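# Following is a predicted model, sequence given first.
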Amino acid sequence: MHFFEFSEEQKMLRKAIREFVESEVAPLASEWDEKDVCPGDVFKKLGELGVNGIFVPERYGGAGLGHVERAICLEEISRHSAGLGMTIMTHHLGIYPILQYGSDEQKDNYLPYLCSGAKICGLAVTEPGGGSDFSGQKTLAEKADTGWIVNGRKCFITNSHNADVTVFTAKTGEDEKGRNKLSAFIVERGAKGFEPGRKEHKLGLRASVTGDLVFADAKLSDAALLGKEGGGSRIGMEGISEIGRGGMSAIAVGILRGCLEEAIKFANERIVYGKPIAKLQAIQFEIAKIRTSYEAARLLTYYAASLKDAALPCANEVATAKLYSTEASVEAAKRTMDLMGGYGVINEYAVGRFLRDALTSIPSGGTSHIHQIVIAGGTLKDFQA
Amino acid sequence: MPYNVAVCIKPVPDPKYYDRITIDPQRKTIVRSGIPTMINPVDKNAVEAAMQLRERFGGYVAAISMAPPDAREILREVLAMGADAAYLLSDRAFGGADTLATSYTLYKGLKKIELERGLPFDFVFCGCESADGATAQVSSQLGEWLAFPHLWNVFSIESVSPDSSGGRESFKLRTKIENGFMEWVGRTPLVLGVSREMNKPRFTSVMGIMKAKNKPLTVWGLADFAEDDGHGMDSGLIGLSGSPTQPGEIFTPDLKRSGETLTGTPEEIVERIFAVMRSNGVSLVFEP
Ligand SMILES: Cc1cc2nc3c(=O)[nH]c(=O)nc-3n(C[C@H](O)[C@H](O)[C@H](O)COP(=O)(O)OP(=O)(O)OC[C@H]3O[C@@H](n4cnc5c(N)ncnc54)[C@H](O)[C@@H]3O)c2cc1C
């Protein structure tokens, strides 16, 4: 047995997604980046193919597969457009808590149209007070006679302006030690007092929308509460640490793959001294390093996803994969640029976009510092005497 | 009225690996072994045409291929696109077939499917040509073996008489010709070689891949055709022995060029170049 082997269906899935991406994504990826637009029509088509609800059971309109399959889709999409990958990955990040913690009504209500491609989902936890300080959230949800009144602002939220459904966390009280008690809610676009605010102009991942969400006396019904009151920390953290970081890791693997392919193509085509630069040992060293980091990132990412599919604890493995893959994608994009000489900085080539996307993937889902804190924490516990 | 539809599928070498293809100098055939294959691109248009027909009228779509055993993977893809069943005709004895032997083998395969299902085929779709051999002969030959009317290079199909009497519908068909098209009206059964302009093949969906797992994929070898039901195969009509095509010489043309240095005034040199070009049949009349 191989240590890690994809099944026949998983190989077919990769092939099918690759065919779609090469036809419908690759030719337009640089235009989406330049114009800073998220292609809603392609999002819809991906829904029809089953990508948007890939890990959602069939009874809710999903494909009934798992997180390895999700990573395959994200890798293939991000190989050509990490920005579109980001839109899909965050859509999954919003869907997951509804699937995991939603009531039957909430699941029946939201999941089918979120899987079909008709609607977009998102998850909002980060606030201006610092995304790293998860428990320091200030957005406040207060109980009213019926339902809740919410005030506050979320920032850096993917799909902020194009999501139809957003899962968010807010403070609903304090425990006896004075620590924030968070709860999770579902809010729909157009809810009274709830609006997208500022839209960011990002360095990379530009085929995804990022911006603020503003709650100004927003009124939500009792049915908007997701899971138990006070369960928001767990809901938010589980989503981010498993689905968010796992998704970012797969996106970075896609960027790595894109770099590898660009590097090889260029090295074979560029003739210097009358022969392709692929014949130069210095160039071969670059290719070898990109290949090695791609393979390592891939193994870490799919291994972590397979733990999630086996319902095993995986937060640490996912964090390791995300830290490594995103950092490696930055390095690989830089190496690819170096290998291309002057062409590397010409915008007709995708590699500049890959570098911007790779850099933007670092803070998304938690910074590299935070990942190291998570990994070290887990490691010190694992290796306790 | 629901239709029984067959789609013929050929695995062809993936163009990404064309540099690995060699030609057997003895048999003068393409050596394909070890080269990753894909569905012949225009065969996907044939599958799409079959899917659209089934969506409109209901019925059944079977994919059939004569190919080495690893073509199972290709047929799974067709099942994932939506075909109901797939049949692979695979036997060493089928190897080395030209288009005539190929179409004969496919014909026998189709007859055997009809026999097993107890239902005749109404439509047989083929791609109009293959990306590797590109003879464009199989669909017409298959029509002849089946004794079905057949058209080649079809780019549009429309039903013209809604079936009210329980009789057979007519179909308006268009075939591409140079600088235009021809219009035909046909009744089933029909064999159609479809062109790329016919439609845009659908992408395989994740759900399709999962469903394909449980769809029947039958492999038949020569022995499966031996039974005495009138549909056994004539071993003289299959494989290399059933292939009358004799490839001629295969060689790499000599493209060596030789140069000549011309001397004289620029005008004399130009005159000389023009003379050489004229004598080689290059027209030097320029339209303004
Ligand atoms: C493209 C993009 C998309 C995003 N999408 C979403 C989304 O959909 N939903 C969502 O909720 N959020 C989203 N985010 C927000 C993201 O999760 C935060 O940016 C991230 O958690 C970091 O928070 P911050 O930006 O406020 O940085 P800060 O928390 O302010 O960090 C600033 C610096 O301090 C460091 N730092 C902070 N705390 C520590 C510590 N304890 N130890 C050591 N160093 C520390 C950080 O590493 C960083 O270098 C997105 C971000 C980006 C860039």
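Ah, there it is.
# The closest residue to A:P313 other than its chain neighbours in helix, strand or coil?
Excluding its sequence neighbours, the residue lying closest to A:P313 (CB to CB, 6 or more residues apart in numbering or on different chains) is A:L307, at 7.4 Å. All C-beta spots, glycine's among them, are computed from the backbone N, C-alpha and C. What DSSP: H, G, I helix; E, B strand; the rest coil gives for A:L307 is helix.
# for A:L307, what are its contacts?
Counting by CB atoms under 8 Å, 6 or more residues apart in numbering or on different chains, A:L307 makes contact with A:313-314, A:317.
# Then A:G66?
Residues near A:G66 by CB under 8 Å, 6+ apart: A:54-55, A:305, A:308-309.
# so how far is the ligand from it?
For A:G66, the distance to the ligand (CB to the nearest ligand atom, to the nearest Å) stands at 22 Å.
# sorry, back to before: among the contacts of A:G66, which one lies nearest to A:F383?
Nearest to A:F383 among the contacts of A:G66: A:K308, at 23.0 Å, using CB to CB.
# what's the burial count for the closest one?
Neighbourhood size, A:K308 [other CB atoms under 10 Å in any protein chain shown]: 22.
# do the same with B:E178
Residue crowding around B:E178 was assessed by other CB under 10 Å; the count is 5.
# Then A:W148?
A:W148: 21 surrounding residues under other CB under 10 Å.
# close enough to count as contact, it and A:A141?
Yes: checked against CB atoms under 8 Å, the pair A:W148 and A:A141 is within contact range at 4.8 Å.
# who touches both of these two?
Common neighbours of A:W148 and A:A141 (criterion: CB under 8 Å, 6+ apart): A:185, A:220.
# Just want the phi and psi numbers for the nearest residue to A:E58 once chain neighbours are set aside.
Using CB to CB, 6+ apart and skipping the chain neighbours, the partner closest in space to A:E58 is A:G64 (4.2 Å). Note on A:G64: its backbone torsions stand at phi 70, psi 20 [degrees, to the nearest 10].
# ok, now A:G365?
With angles defined as degrees, to the nearest 10, A:G365 sits at phi 80, psi 10.
# One more: A:V21?
phi -60, psi -40.
# what's the burial count for it?
24.
# Up against chain A, what does chain B have?
B:73, B:76-77, B:80, B:203-210, B:212-213 (CB under 8 Å from any CB of the partner chain).
# change it to 10 Å
B:38, B:44, B:72-73, B:76-77, B:80-81, B:200-210, B:212-213 (CB under 10 Å from any CB of the partner chain).
# what's the closest non-adjacent residue to the residue of the stretch 101-250 of chain B found nearest chain A?
Among the residues of the stretch 101-250 of chain B, B:V206 lies closest to chain A, at 3.0 Å counting by CB to the nearest CB. Nearest-residue entry for B:V206: A:G50, 3.0 Å, with adjacent residues in sequence omitted and distances by CB to CB, 6+ apart.
# show me the contacts for the one you found.
If you count contacts by CB atoms under 10 Å, 6 or more residues apart in numbering or on different chains, A:G50 has them with A:13, A:16-17, A:56, A:58, A:61-65, A:69, A:73, A:115-117, B:204-210.
# Recalculate using a threshold of 8 Å.
Taking CB under 8 Å, 6+ apart as the test, what A:G50 contacts is A:62-63, A:115, B:205-207.
# Burial check on the residue of the stretch 1-150 of chain A found nearest the ligand, number of neighbours?
Relative to the ligand, the nearest point of the stretch 1-150 of chain A is A:G131 (2.3 Å; CB to the nearest ligand atom). A:G131 sits with 20 neighbouring residues when counted by other CB under 10 Å.
# isn't it right next to A:G365, touching?
No: counting by CB under 8 Å, A:G131 stays clear of A:G365, with 9.4 Å between them.
# what about the residue of the stretch 51-200 of chain B found nearest the ligand, how many residues close to it?
Closest approach of the stretch 51-200 of chain B to the ligand (CB to the nearest ligand atom) occurs at B:A80, with a separation of 32.7 Å. By the measure other CB under 10 Å, the count of residues near B:A80 is 24.
# on that earlier part again, buried subset of the residues of chain B next to chain A, written for PyMOL?
This is how PyMOL selects the buried members of the residues of chain B next to chain A, with burial counted by 16 or more other CB atoms under 10 Å in any protein chain shown:
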select buried, chain B and resi 38+44+72+73+76+77+80+81+201+202+203+204+205+206+207+208+209+210+212
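# So which of the residues of chain B next to chain A belong to strands?
Secondary structure of the residues of chain B next to chain A is defined by DSSP state E; positions in strands are B:M38.
# So which of the residues of chain B next to chain A are in helices?
The members of the residues of chain B next to chain A that map onto helices under DSSP state H are B:44, B:72-73, B:76-77, B:80-81, B:206-210, B:212.
# tell me the SS of A:F185?
Put simply, A:F185 is strand when judged by three-state DSSP.
# I'd like the distance between the nearest residue to it once chain neighbours are set aside and A:S183.
Spatially, and ignoring its direct neighbours in sequence, A:F185 is nearest to A:A224 (4.7 Å; CB to CB, 6+ apart). The gap separating A:A224 from A:S183 is 10 Å, by CB to CB, to the nearest Å.
# before we move on, what about A:A29?
The value you get for A:A29 to A:S183, if CB to CB is used, is 38 Å.
# got it, and A:Y110?
A:Y110 sits 18 Å away from A:S183, going by CB to CB.
# Same check on B:T99?
In this structure, B:T99 and A:S183 are 70 Å apart, going by CB to CB.
# Neighbour count for the two, which is higher?
Between B:T99 and A:S183, counting by other CB under 10 Å, A:S183 is the more crowded of the two (24 against 19).
# Per-residue pLDDT of the more buried one, please?
On pLDDT, A:S183 comes in at 97.
# Settle this for me: it is touching A:A170, isn't it.
Yes: at 6.4 Å, A:S183 and A:A170 qualify as touching, with contact defined as CB under 8 Å.
# Give me the pLDDT for B:P162.
In this model, B:P162 is scored at 61, pLDDT.
# B:P288 too?
So B:P288 comes in at 59 (pLDDT).
# Please point out which parts of stretch A:363-380 sit buried.
Neighbour counts using 16+ other CB under 10 Å place A:363-366, A:370-371, A:374-375, A:378 of stretch A:363-380 among the buried residues.
# Show me those that map onto helices.
A:370-371, A:374-375, A:378.
# quick one: the strands in the stretch 151-288 of chain B?
B:170-177, B:180-187, B:190-194, B:217-220 (DSSP state E, counting those that start in this stretch).
# Return the most buried member of these.
Of these, the one with the most neighbours on average (mean count of other CB atoms under 10 Å in any protein chain shown) is strand B:190-194, at a mean of 27.
# starting at the chain centroid, how far to that one?
Computed by CA atoms, centre = their mean, to the nearest Å, the chain-centroid distance of strand B:190-194 equals 10 Å.
# Contacts for whichever helix or strand A:M237 is part of next, please.
Per DSSP states H and E, A:M237 falls inside helix A:232-238. Helix A:232-238 is contacted from outside by A:97, A:100-101, A:123, A:125, A:134-135, A:167, A:169-170, A:172, A:181-184, A:226-227, using CB under 8 Å, 6+ apart.
# what would the contacts of A:L307 look like in TSV with distance to B:F57?
Shown next, in TSV, are those (distance: CB to CB, whole Å):
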residue	distance to B:F57
A:P313	53
A:C314	49
A:E317	51
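# Now, those that are in helices?
If you go by DSSP H, the contacts of A:L307 have A:E317 in helices.
# Got a quick ChimeraX command for the buried subset of the contacts of A:L307?
In ChimeraX syntax, the buried subset of the contacts of A:L307 is picked out as below (16+ other CB under 10 Å):
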select /A:314,317
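# Check which helices and strands the lowest-mean-pLDDT helix or strand in chain B sits against.
The weakest-scoring helix or strand in chain B, judged by mean pLDDT, DSSP states H and E, is strand B:30-31 (a mean of 77). Helices and strands touching strand B:30-31, as assessed by 3 or more CB pairs under 8 Å, 6 or more residues apart in numbering or on different chains; DSSP states H and E, comprise strand B:22-23.
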